[in-house]
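> coords please:
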Amino acid sequence: MTPIRDCPAPDPTPSGPTRYAVPAGAVDTHAHVIGRPPAYPFVENRSYTPPAAPAAAYRAMLDATGMAHGVLVQVSVHGTDNRLLLETLATDPARLRGVAVIPLGLPERDLAAMKAAGVVGLRLNVLYGGGIAFDQVEAYGALAREMGWHLQFLIDARSLPPLAARLSRLPVPFVVDHMGHMPTSAGLSDEGFSTLVALVRDGAFVKLSGAFRTSVAGAPYVDTIPFARALNDAAPERCLWGSDWPHVAAWDGPPKLSTLLDLMADWVPDEGRRQKLFVENPRALYGFG
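Modelled structure (predicted):
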């Protein structure tokens, strides 16, 4: 049995970009809060063991990077136990929104409580242990439509071609994490990446994030630039940015947030498009006033 590895801790001194100013009202659409057992147990089938990432450190990261708002995504190691996510949303309901991971069949009162707390979407994750797979994506789509939520997918883009038709029929908006979480070595012409670009052109949202996960060249991740530009050119009105803090499973060491943010000057060189990416697109999707 492969041992479960401990993740490195995130950069203790996060900071904003040096190549441009983060626009007022910016939203970080992808980060995690993480507790530690026994108060917040880890699932046994997890893919890694992370350090704690408490709410106070998360809010400090938002402040340090110039983010007015944040979206918390339920982390895979806590499975469908969303308690810490919901507790963190309650600390700053005007500033924060959440994307939960839940089993089907929850009582209506639990769903209503999640919505009232600031949950606006559901995540399905096929890459890390503890996530929810695609087997029942239509049922999750129906639930999301009933709740006024969207769906979010963590998937390797190379798995998308046989799933694209099902995704296109979903009755709610959907978001693909981390530019499809595909290594740049697969190439722009890879069928999976081409499928992702087509889905985004046709209505999907995509997070321009996770450069340290997809780059094979390493920091400053210049090999990711053509992939981000292809997605942004497909639909600048449906691209989002996320820090992915606290950068779990960053086995080569945690990235610097200033480096990831500076990369946006190359990913999205146009200032007007960056305004959409950081402010207009996420404020509309996640319901910030």
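
> all strands of the stretch 51-200 of the chain, in order?
For the stretch 51-200 of the chain, strands defined by DSSP state E, counting those that start in this stretch occupy the ranges 69-73, 96-100, 119-125, 150-154, 174-176.

> give me whichever of those is most buried.
strand 69-73 (a mean of 26; mean count of other Cβ atoms under 10 Å). C-beta: built from backbone N, CA, C; applies to glycine.

> parallel or antiparallel, which strands does that one pair with?
In the sheet, strand 69-73 lines up against strand 27-31 (parallel), strand 96-100 (parallel) (DSSP bridges).

> other residues contacting the first one?
Same thing as strand 27-31. Outside strand 27-31, the residues within contact range by Cβ atoms under 8 Å, 6 or more residues apart in numbering are 58, 61-62, 65, 67-73, 177, 207, 209, 240-246, 278-279, 282-283, 285-286, 288.

> state the distance from the nearest residue to residue 84 once chain neighbours are set aside to residue 266.
Computed as Cβ to Cβ, 6 or more residues apart in numbering, the closest residue to residue 84 that is not its neighbour in sequence is residue 35, at 4.7 Å. Residue 35 is 36 Å from residue 266, where distance means Cβ to Cβ, to the nearest Å.

> quick one: which of those two has more around it?
Taking other Cβ atoms under 10 Å, residue 35 and residue 266 do not tie; residue 35 has more neighbours (23 against 16).

> residues contacting that one?
Residue 35 touches 52, 54, 78, 84, counting by Cβ under 8 Å, 6+ apart.

> can you pull the pLDDT of the first one?
Per-residue confidence (pLDDT) for residue 52: 97.

> so it makes contact with residue 37?
No. Taking contacts as Cβ atoms under 8 Å, residue 52 lies outside contact range of residue 37: 10.3 Å.

> more neighbours, these two?
residue 52 (12 against 9).

> sec struct for the closest residue to that one other than its chain neighbours, please.
Nearest residue to residue 52, sequence neighbours excluded (Cβ to Cβ, 6+ apart): residue 36, at 4.9 Å. At residue 36 the chain is in coil, as set by DSSP: H, G, I helix; E, B strand; the rest coil.

> my read: residue 36 touches residue 49, true?
No. Using Cβ under 8 Å, residue 36 makes no contact with residue 49, being 9.6 Å away.

> thinking again about what came up before, as a markdown table, the strands paired with strand 69-73 with mean pLDDT and distance to residue 198 would be great.
Below are the strands paired with strand 69-73 laid out as a markdown table (pLDDT from 0 to 100; distance: least, Cβ to Cβ, whole Å):
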| stretch | mean pLDDT | distance to residue 198 |
| --- | --- | --- |
| strand 27-31 | 98 | 22 |
| strand 96-100 | 98 | 24 |
